[in-house]
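Novice: Sequence first, predicted model second:
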Amino acid sequence: QVQLVESGGGLVQAGGSLKLSCAASLRTFVYYTMGWFRQAPGKEREAVAAISGTGGSTYYADSVKGRFTISRDNAKNTVYLQMNNLKPEDTAVYYCNAEKFGRLPPRSDSWGQGTQVTVSA
């Protein structure tokens, strides 16, 4: 059973930054493609960024390219999402996803509980 725990969300003004973390309880973390998704009220969950097991490949949604950076520390079983120049439209609950030998972005049933990001204008 994969357990994912997100943290780092909060309230920030437009133009500000936040760094999200997702800690995974996985014995073979390097085998897992990791991804960040978000869901705003009344909208479907969408992929934001993803990273392959070794970190050699990444994916970004067009809406966050140049502002968000995904990274991972396989020694700490943790994936990060650095979010800069945040916009009010980035407001959402952010979720972590893990898929073994997965695609970019991953799509498994393994989700964390989410962390709220709110960007004020």
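Specialist: Sure thing, it's come through.

Novice: Pretty sure residue 68 sits against residue 82.
Specialist: Yes. Residue 68 sits in contact with residue 82 when judged by CB atoms under 8 Å, with a separation of 6.7 Å. For glycine as for every other residue, the C-beta is placed from the backbone atoms N, C-alpha and C.

Novice: Looking at these two, which one has more neighbours?
Specialist: Neighbour count, other CB atoms under 10 Å: between residue 68 and residue 82, residue 68 has more, with 20 against 15.

Novice: Just list whatever residues bridge to the residue lying closest to that one once chain neighbours are set aside.
Specialist: Across the structure, with CB to CB, 6 or more residues apart in numbering as the measure, the residue nearest residue 68 apart from its sequence neighbours is residue 83 (5.1 Å). With DSSP bridges as the criterion, residue 83 is bridged to residue 18, residue 68.

Novice: quick one: contacts of stretch 59-66?
Specialist: Here stretch 59-66 makes contact (CB atoms under 8 Å, 6 or more residues apart in numbering) with 35, 46-51, 68, 70, 83, 89-90, 104-105.

Novice: try 6 Å this time
Specialist: Among residues not part of stretch 59-66, those counted as contacts by CB atoms under 6 Å, 6 or more residues apart in numbering are 48, 49, 50, 104, 105.

Novice: secondary structure element for residue 22?
Specialist: Under the criterion of DSSP states H and E, residue 22 resides in strand 18-24.

Novice: immediately after that strand, which helix or strand?
Specialist: Note on strand 18-24: by DSSP H and E, the next helix or strand toward the C-terminus is strand 32-39.

Novice: Right, I'll call it a day here.
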